[in-house]
Structures are given as C-alpha cells and as structure tokens.
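Colleague: Sequence plus predicted model, see below.
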Amino acid sequence: MQRYIFLDLDDTLFQTLRKCPQDREDPRLAVRAFLPDGTPNSYATHKQQWLWQWLSQDFKLVPVTARDFHAFERVTLNFDQEIILNHGAVVLTKERRLDALWMTTILANLPNYHRKLLDVWRLLSAHTERLEGYKLRLVQDFGVTWYGVIKHCDGSEAPLKLLVDEILQEHPLMIDQELYWHLNSNNLAILPKIITKESAVSYLMTKYLAQDPELLTIGAGDSKTDAAFISLCDYALIPSNTQLFKTLNFS
C-alpha cells in the first residue's frame, strides 16, 4: 500500500519566531526557511522536528503550500515527490518541472478571473493608500499573476480584518464566489475561485490512485483553507492552537 501525506508547510511544520513564544529560547529550534536576503525567518520546534523525521520515514510527502517557487526553494526540508505551490495554482513534477496538463487546465480558465481580480485589487490599493502599514503584492510565478496578498507592518490580523469587513465581505465578486478571500494571522489573500489547494490535491490523488488503488492518505494543515484538501484524505493531522484547530472547536 502506498502512503502519502499532503502537507501544508507554514504554521504546520514550522513558523516565524514570533509564533514560538514558549520555544523561542529553546536552543533546539532549527531553521527551516530563509528570507530572500538569507536571513532565517522560520523555525521548527523540537516536536516539529521529530514529526518531520517520523513522517519522512513512513510516507511519501507532498507539500501543499501558498509559497511560490522561490519561497519554496528557501525551505531547508527535502521533498522528492510532486509539489503544490501558490495555493494550488502550480503543480510541479518530481523533477521540479511544471506539470503540463495541470498548467494547461489552469491557464485555459484563468483569464476569465484576471480582470475581476485586478478590479478588486485596484479598489484595495486605493483604499490602503490613505492608510499606513499595509503591504500589497500580486503574486507572480512562472510568468503568471495568480493572486494577491496583503500584510500589515504591525504583524496582526486586526488591520486586515478591517479590509474584509469594509470592502471584501459585501463585494459582488465575493458574494458571487468568482473570487474568495482567506485571512489567517498577518496574511490576507484574494484568489480566483479556480485556484484551491483542494483541486490540486484531488488532481494528484487521482494520478496516484491510477498507479496503485491501495492508497493511504493523510492531510495536514493549520488553516481554514486547508480543511477542504484534508477532507479528501483518509485521516487528518491538525496542529493544536491553530486557526483550523480552533474553528473545529477542539479548544
């Protein structure tokens, strides 16, 4: 039986030092990712290191991450299976090449959503120009603009929640579900509805089942948007005290 785990990265296997309040002085903390200038910015606790060692011995590990290719390349963990990037927009083969069939399918539909994404983005840009601390970025990878992400310099969720309440919550494109937003900590993403982790995981899972119908799968993640792809799997792994953990009323 083939055993796969579809695995979110940030806040599941590692996190910023700010999110390690009980472990930040622990000398066993291990760097897991770097900023573009080479500065360490994500760390694994001792328990997360142990979890990685255990999983990597018994499962084929498929990362399912919002990171783009360059941000993924700055992660120190080694993966030898397919890779899901950009919230599911991009699938890479084991050889780190674009999955041609998946890319063709996504690009055939994406133009219908680009104008809508940019319309909302212009509205958000104009609104935040009058305010302080907001950092907006359209995520481009492999020559394609996939989605937008907003952060705030104070590192909290509250300023981003204001954008959701004042602009996104009642926007027609959100109500019609042409676009959707995802907010978790200091990260607000606005995405076309065709870009989801769930659809990319489903695509790979179909391929794996065709190769071997005896398949055991685990989904692991910390945020609400991880729930959909986790639900495709046989079992779920959810870190405690995370957004998804709290949403499910475990705490």
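Modeller: Thanks, I have it.

Colleague: So residue 139: helix, strand or coil?
Modeller: Classification of residue 139 by DSSP: H, G, I helix; E, B strand; the rest coil places it in strand.

Colleague: And residue 182, by the same measure?
Modeller: Of the three states, residue 182 takes strand under three-state DSSP.

Colleague: and it, bridged to which residues?
Modeller: residue 189 (DSSP bridges).

Colleague: Wait, it touches residue 228, no?
Modeller: No - judged on C-beta atoms under 8 Å, residue 182 makes no contact with residue 228 at a distance of 11.2 Å. Every residue, glycine included, has its C-beta placed from N, CA and C.

Colleague: between the two, which one's more packed in?
Modeller: Each of residue 182 and residue 228 has its neighbours counted (other C-beta atoms under 10 Å); residue 182 has more, 20 against 17.

Colleague: so what's the more buried one up against?
Modeller: Residue 182 makes contact with 87, 188-189, 191, 223-225 under the criterion C-beta atoms under 8 Å, 6 or more residues apart in numbering.

Colleague: At which residues are the helices of the stretch 151-251 of the chain located?
Modeller: Applying DSSP state H, counting those that start in this stretch to the stretch 151-251 of the chain gives helices spanning 158-163, 172-175, 197-211, 227-230, 243-247.

Colleague: among those, which is the most enclosed?
Modeller: Highest mean neighbour count among these (mean count of other C-beta atoms under 10 Å): helix 227-230, with a mean of 20.

Colleague: how far out from the middle of the chain is that one?
Modeller: Offset of helix 227-230 from its chain centre (C-alpha atoms, centre = their mean, to the nearest Å): 12 Å.

Colleague: just the CA coordinates of that helix, formatted as PDB?
Modeller: Output in PDB follows, covering the C-alpha atoms of helix 227-230 (Å, rounded to 0.1, in the frame of the first residue of the first chain):
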ATOM      1  CA  ALA A 227      -9.800  21.900   5.500                       C
ATOM      2  CA  ALA A 228     -11.000  21.200   2.000                       C
ATOM      3  CA  PHE A 229      -8.000  19.200   0.900                       C
ATOM      4  CA  ILE A 230      -7.600  17.500   4.200                       C
END
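
Colleague: Could you name the helices and strands sitting against it?
Modeller: In this structure, helix 227-230 packs against helix 197-211, strand 215-220, with contacts taken as 3 or more C-beta pairs under 8 Å, 6 or more residues apart in numbering; DSSP states H and E.

Colleague: One more pass at 10 Å, please.
Modeller: In terms of contacts (3 or more C-beta pairs under 10 Å, 6 or more residues apart in numbering; DSSP states H and E), helix 227-230 is packed against helix 197-211, strand 215-220, strand 235-237, helix 243-247.

Colleague: Buried ones in the second one, by neighbour count?
Modeller: Burial within strand 215-220, assessed by neighbour count using 16 or more other C-beta atoms under 10 Å, is assigned to 217-220.

Colleague: Nice, that's everything, thank you.
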